[in-house]
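Chemist: sequence-free structure coming up:
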């Protein structure tokens, strides 16, 4: 397949991809505007959170919606995020929500659509990459001119492939050696070996100790770190909110959230709404994943090397 590259200078301002921006403050709006302008995109309109829902309905065509949140805006924030989560589903436009680590839980509770790019304390390169991914979802003719676009798309494909591999491996483990025989669904406690909390804690502790001697980037494995953290919580009968799981992943929160979305999509994790707090969700292992992890520990025993 051949492609013709369009020089940015040959495009008029009206030809550039239109982006709608909504923000929780003037400072947040200014930062979003800088990102969009740096990506050589056209700003279709800027608005408050309270006006964002109506503006999305009025816009006949838009490339993406960028929402910048620098503080908890309460009901107005919840309303626009709920609406965005449903509107992105029909593929009319892409979406980016940029926020701070303090808002991970209330925002994650509203957003379930994998097509929404969620950024947490992101730098300029990450913001540009997220915008490129969001705009590419609607098949726009002119792509954002940023090398991070191709790199990020490749990373996301790699992430998806890796999680699919993990899911397949765990499925085989959960089936056990007699996979050819009919499998009877059972709860993890009755269908898998017992694993002590100390065994899992020791593995997590050993993995964290490596950072004392080597760069954490050498051993980044968010999928495995999240699996271990959720197994530890399950054994201890504890619930894990999204923000805590992001910390356990030992990678930037934006990266952790992308892994989390993919793990949920592949059936490894389950999201559970907090019955006492509508602005928080918990994450837990699926029954199959729990069984697979417990069988893994039963086979490995007490490994000397993590």
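Modeler: Happy to help now that I have it. Note that the structure is predicted; figures quoted are calculated from it, not measured.

Chemist: ok, how many other residues are close to residue 101?
Modeler: Counted with other CB atoms under 10 Å, the neighbours of residue 101 add up to 14. C-beta here means a position set from N, CA and C on the backbone, and glycine is covered the same way.

Chemist: again with residue 218
Modeler: Neighbour number of residue 218 under other CB under 10 Å is 9.

Chemist: list the buried residues in the helix or strand hosting residue 135.
Modeler: Using DSSP states H and E, residue 135 sits in helix 124-136. Of the residues in helix 124-136, 126-136 count as buried by neighbour count, 16 or more other CB atoms under 10 Å.

Chemist: ditto for stretch 33-50
Modeler: Neighbour-count burial for stretch 33-50, counted by 16+ other CB under 10 Å, picks out 33, 35-36, 39, 41-42, 44, 46-47, 49.

Chemist: now the buried residues of helix 124-136 as CSV including pLDDT and distance to residue 73?
Modeler: Compiled in CSV, these are given as follows (pLDDT from 0 to 100; distance: CB to CB, whole Å):
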residue, pLDDT, distance to residue 73
126, 91, 22
127, 93, 20
128, 92, 25
129, 90, 25
130, 91, 20
131, 90, 22
132, 88, 27
133, 87, 25
134, 86, 21
135, 84, 25
136, 79, 28
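
Chemist: closest to residue 247 out of those?
Modeler: residue 126 (18.3 Å; CB to CB).

Chemist: hmm, residue 118 and that closest one touching each other?
Modeler: No. Using CB atoms under 8 Å, residue 126 makes no contact with residue 118, being 11.1 Å away.

Chemist: find residues that contact each of these two.
Modeler: Here residue 126 and residue 118 have residue 254 as joint contacts, going by CB atoms under 8 Å, 6 or more residues apart in numbering.

Chemist: so how far is residue 294 from residue 205?
Modeler: Applying CB to CB, to the nearest Å, the value for residue 205 to residue 294 is 19 Å.

Chemist: compare neighbour counts for those two and give me the winner.
Modeler: residue 294 (24 against 11).

Chemist: check contacts around that one.
Modeler: So residue 294 contacts 188, 192-195, 231 (CB under 8 Å, 6+ apart).

Chemist: give me the nearest residue to residue 253, chain neighbours excluded.
Modeler: Closest residue in space to residue 253, ignoring its immediate chain neighbours: residue 120 at 3.7 Å, by CB to CB, 6 or more residues apart in numbering.

Chemist: so what pairs up with the one you found in the strands?
Modeler: residue 99 (DSSP bridges).

Chemist: pretty sure it contacts residue 96?
Modeler: No. Residue 120 lies out of contact with residue 96 (CB under 8 Å); the separation is 11.8 Å.

Chemist: those two: which has the busier surroundings?
Modeler: Remark: of residue 120 and residue 96, residue 96 carries more neighbours, 26 against 23, as counted by other CB under 10 Å.

Chemist: now do residue 289: how many residues are near it, please.
Modeler: Residue 289 has 27 nearby residues by other CB under 10 Å.

Chemist: go through the helix or strand where it lies and flag the buried ones.
Modeler: For residue 289, the host element (DSSP H and E) is helix 287-300. Within helix 287-300, the residues that qualify as buried are 287-297, counting by 16+ other CB under 10 Å.

Chemist: could you dump these to a markdown table with distance to residue 69 and pLDDT?
Modeler: Formatted as a markdown table, the buried residues of helix 287-300 follow (distance: CB to CB, whole Å; pLDDT from 0 to 100):
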| residue | distance to residue 69 | pLDDT |
| --- | --- | --- |
| 287 | 35 | 93 |
| 288 | 35 | 92 |
| 289 | 31 | 94 |
| 290 | 34 | 94 |
| 291 | 38 | 93 |
| 292 | 37 | 92 |
| 293 | 35 | 93 |
| 294 | 39 | 92 |
| 295 | 42 | 91 |
| 296 | 39 | 90 |
| 297 | 40 | 90 |
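
Chemist: nearest to residue 237, out of the residues you listed: which one, please.
Modeler: Closest to residue 237, out of all of those and judged by CB to CB, is residue 290, at 13.0 Å.

Chemist: distance of residue 119 from residue 219?
Modeler: 24 Å.

Chemist: and if you look at residue 69?
Modeler: Separation of residue 69 from residue 219 (CB to CB) stands at 32 Å.

Chemist: what does residue 213 give?
Modeler: 11 Å.

Chemist: again with residue 225
Modeler: Remark: distance between residue 225 and residue 219 (CB to CB) = 9 Å.

Chemist: do residue 83 as well
Modeler: Taken as CB to CB, the span from residue 83 to residue 219 is 40 Å.

Chemist: cool, residue 41 as well?
Modeler: 37 Å.

Chemist: what does residue 120 give?
Modeler: Separation of residue 120 from residue 219 (CB to CB): 21 Å.

Chemist: also residue 233?
Modeler: From residue 233 to residue 219 the distance is 22 Å (CB to CB).

Chemist: this completes my enquiry, with thanks.
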